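Engineer: fold the stuff below for me.
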Amino acid sequence: MTGLSTPQLPGWLASLAVLVFLAVLIRLWWSPQRHAPWLATGLLLLFNLVGFHWIFTSLHVYGLMAAPIAGTATLLLALYVSLFTLGAGLVIRRYRLRPLAVACVITLAELLRGYLFTGFPWLNWGYLQVDSLLAGFAPVFGVYGLVFLAALCAAWLARLKPGPALAVLSLHLAGGVGLGIHWTQPLGEPLRLALIQPSIDQQMKFDPAHAKATERSLLELLAVATPVSGGQPIAADLVVLPETAFITTWQQLNPETRELLQRLVDRSGVALITGLPLQDTRGWSNSAIALQPGDNSQWTYRYDKHHLVPFGEFIPWGFQWFVDLMQMPLGSFRSGDLAQPAFLIQDQAIGLNICFEDLFGEELIAALQDGRPASQQPSIWLNLSNLAWFGDSIALQQHLNVGRMRSLETGRPMLRATNTGLTAIVDAKGRVQESLASQAPNILLGQVQGMTGDTPFNRWGNAALLVLVLLAGLASWRQARRRQHDAAR
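Structural biologist: Residues are numbered from 1 along each chain as shown. Modelled structure (predicted):
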């Protein structure tokens, strides 16, 4: 059983629609009519309900939570996310803010949402501009810079005047020029890939009765992905399985399965990365390991997820009662280090992240800022995910767009290996080069070109955006003082 499948607008049209929607909200906050802010509240809540409807699928269909409770939880999440923009709207209305100040307030609201309570920046206004020309500014200011620019453009549009509309057009044209700038350069030879999408049904994935069948399916897909012709391996240098492809630790895995995995790797000469939980003296972790030829079934590389998901990987204080209403295999995981070593293969360095982690670009770039040698800095990002919890919903496309934004910010390609979709190869410009249809087992064969060098965002992170907001805030303050002075005369 899957969630609601929502038709997708062309990317540029969806980005434009979001700008217009935000302009409508700002226009309502500016309106003197008493009903206007209530209308804005209803529209924003509806917008977030549509954007997060897949939470209901996760809680009710897979978590077996009663539908009324799951529906209420989904509504509360949409309301929580809406509160940040609504708070910005109240400030905009109360102080009659002009476009520059509007952009500052909305950006600060999104920054707060992205950091408060470990952060929940999903569906942030900047991600919704990944297909617009404004995306050309992402390598400089990051996704929150796109929030600022989108809010500024929306405020200009809300004025319904030719001059501000021309400013919107000019800003987009400047972003288009930015898209043509190459901040990073190719490194070494392209890496051949086989990204495996096993499409294991979530209701079976964690059922012990189906564990052996799942392992057989994974081994069959791996055998297809690692063929040998005339004694020589073909097709791939690196094979990747998604997050928690295996649901037990490496030590608890069937010895025969471990042996077969190593045999496949030795026979084909490929490296294999797979997600699985691990347990050691420090506790449980949501992890990924790599097997290489000659490892003798003892993995030599490990990555532990750093940014954990509330309710999924740790239970916030006071919410055990809520988790008890679900029938999900939720864990209490420990967090890995912020900037962990990359996986080195040929002349490339693979920077791993697992599921939700790629929403935090400022954390990913720590691996580019920690002083490690250039040869060990990630030249390719790799995200392992399992979004089967959300069915065949817009969550899959939303998460793909998050990965595309990370590529735009850092000038590095992003590989996505997922259980049910969307498995894809994204180039250093955030363009999807190849992808698989969701909800079907398949193997994505392709190549990825690693990149080296720095974008401004790699060096400065959100510092450039904060400077932009500060300057815009000072300019707005001076404008307001000047208007007050002129009114007093």
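
Engineer: what's the weakest-modelled helix or strand in the chain?
Structural biologist: strand 232-233 (a mean of 52; mean pLDDT, DSSP states H and E).

Engineer: I'd like to know which elements the next helix or strand along the chain from that one is packed against.
Structural biologist: The helix or strand immediately downstream of strand 232-233 is strand 238-240, counting by DSSP states H and E. Packing partners of strand 238-240 (3 or more CB pairs under 8 Å, 6 or more residues apart in numbering; DSSP states H and E): strand 191-197, strand 271-280. C-betas here are computed from N, CA, C, even on glycine.

Engineer: and after the longest one, which helix or strand comes next?
Structural biologist: Sequence-wise, the next helix or strand beyond strand 271-280 is strand 283-291, with elements assigned using DSSP H and E.

Engineer: sheet partners, orientation included, of the helix or strand just after that following strand?
Structural biologist: With elements assigned by DSSP H and E, the helix or strand that comes after strand 283-291 is strand 301-304. Partners of strand 301-304 in the sheet, by DSSP bridges, are strand 283-291 (antiparallel).

Engineer: send the alpha carbons of the partner strand over as PDB?
Structural biologist: Taking C-alpha atoms only, strand 283-291 is exported to PDB below (Å, rounded to 0.1, in the frame of the first residue of the first chain):
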ATOM      1  CA  GLY A 283      25.600   1.900  21.600                       C
ATOM      2  CA  TRP A 284      23.600   1.600  18.400                       C
ATOM      3  CA  SER A 285      24.100   3.700  15.300                       C
ATOM      4  CA  ASN A 286      22.400   4.100  11.900                       C
ATOM      5  CA  SER A 287      25.500   3.300   9.800                       C
ATOM      6  CA  ALA A 288      27.000   2.400   6.400                       C
ATOM      7  CA  ILE A 289      30.000   0.200   5.800                       C
ATOM      8  CA  ALA A 290      32.100  -0.600   2.800                       C
ATOM      9  CA  LEU A 291      33.500  -3.900   1.600                       C
END
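
Engineer: re the thing from before, and the helices and strands packed on strand 238-240, which is most packed in?
Structural biologist: strand 191-197 (a mean of 25; mean count of other CB atoms under 10 Å).

Engineer: and that strand, how far out from the chain's middle?
Structural biologist: 20 Å (CA atoms, centre = their mean, to the nearest Å).

Engineer: what of stretch 475-489?
Structural biologist: Relative to its chain's centre, stretch 475-489 lies at 42 Å (CA atoms, centre = their mean).

Engineer: now stretch 343-359
Structural biologist: Using CA atoms, centre = their mean, the mean C-alpha position of stretch 343-359 is found 14 Å from that of the whole chain.

Engineer: just stretch 350-363 next, same as before
Structural biologist: 7 Å.

Engineer: quick check: mean pLDDT of it?
Structural biologist: Taken as a whole, stretch 350-363 has a mean pLDDT of 96.

Engineer: got it, and stretch 389-406?
Structural biologist: Mean pLDDT, stretch 389-406: 95.

Engineer: and what of stretch 75-82?
Structural biologist: pLDDT averaged over stretch 75-82 gives 96.

Engineer: go through it and flag the buried ones.
Structural biologist: 75, 77-78, 81-82 (16 or more other CB atoms under 10 Å).

Engineer: just stretch 48-66 next, same as before
Structural biologist: 48-49, 51-63, 65.

Engineer: and it, end to end?
Structural biologist: One end of stretch 48-66 sits 22 Å from the other (CA to CA, to the nearest Å).

Engineer: returning to what we had before: of all pairs in the buried residues of stretch 48-66, which one is the farthest apart?
Structural biologist: Taking CB to CB, the two most distant members of the buried residues of stretch 48-66 are Asn48 and Tyr62; they sit 21.3 Å apart.

Engineer: just the ones of the buried residues of stretch 75-82 in helices?
Structural biologist: 75, 77-78, 81-82 (DSSP state H).

Engineer: including distance to Gly421, could these go into JSON lines?
Structural biologist: Putting these into JSON lines (distance: CB to CB, whole Å) gives the following:
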{"residue": "Leu75", "distance to Gly421": "26"}
{"residue": "Leu77", "distance to Gly421": "22"}
{"residue": "Ala78", "distance to Gly421": "23"}
{"residue": "Val81", "distance to Gly421": "24"}
{"residue": "Ser82", "distance to Gly421": "28"}
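
Engineer: that older thread, closest one to Gly119 out of the buried residues of stretch 48-66, please.
Structural biologist: Looking across those and measuring by CB to CB, the closest to Gly119 is Phe52, at 15.5 Å.

Engineer: contacts only, for the closest one.
Structural biologist: The contact partners of Phe52, by CB atoms under 8 Å, 6 or more residues apart in numbering, come to 74, 77-78, 81, 122-123.

Engineer: repeat that with 10 Å
Structural biologist: 74-75, 77-78, 80-81, 122-123, 390, 393-395, 398 (CB atoms under 10 Å, 6 or more residues apart in numbering).

Engineer: now do the strands in the stretch 351-489 of the chain.
Structural biologist: 380-385, 414-418, 424-426, 432-435, 442-448, 451-452 (DSSP state E, counting those that start in this stretch).

Engineer: quick one: those as CSV, columns for mean pLDDT too.
Structural biologist: Converted to CSV, the strands of the stretch 351-489 of the chain look like this (pLDDT from 0 to 100):
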stretch, mean pLDDT
strand 380-385, 98
strand 414-418, 98
strand 424-426, 98
strand 432-435, 96
strand 442-448, 95
strand 451-452, 98
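
Engineer: make JSON lines from those and add mean neighbour count and distance to Arg27 to it.
Structural biologist: Below are those laid out as JSON lines (neighbours: other CB atoms under 10 Å; distance: least, CB to CB, whole Å):
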{"stretch": "strand 380-385", "mean neighbour count": "27", "distance to Arg27": "38"}
{"stretch": "strand 414-418", "mean neighbour count": "28", "distance to Arg27": "36"}
{"stretch": "strand 424-426", "mean neighbour count": "24", "distance to Arg27": "35"}
{"stretch": "strand 432-435", "mean neighbour count": "16", "distance to Arg27": "34"}
{"stretch": "strand 442-448", "mean neighbour count": "18", "distance to Arg27": "44"}
{"stretch": "strand 451-452", "mean neighbour count": "21", "distance to Arg27": "42"}
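
Engineer: switch these over to a markdown table; also include distance to Arg98.
Structural biologist: Formatted as a markdown table, the strands of the stretch 351-489 of the chain follow (distance: least, CB to CB, whole Å):
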| stretch | distance to Arg98 |
| --- | --- |
| strand 380-385 | 39 |
| strand 414-418 | 37 |
| strand 424-426 | 37 |
| strand 432-435 | 38 |
| strand 442-448 | 45 |
| strand 451-452 | 40 |
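
Engineer: wait, which of these is closest to Ser199?
Structural biologist: strand 442-448 (7.5 Å).

Engineer: other SSEs contacting the closest one?
Structural biologist: strand 191-197, helix 211-225, strand 238-240, strand 380-385, strand 414-418, strand 424-426, strand 432-435 (3 or more CB pairs under 10 Å, 6 or more residues apart in numbering; DSSP states H and E).

Engineer: relative to strand 414-418, how tilted is it?
Structural biologist: Angle, strand 442-448 to strand 414-418, by axes from the mean of the first three to the mean of the last three CA atoms, to 10 degrees: 170 degrees.
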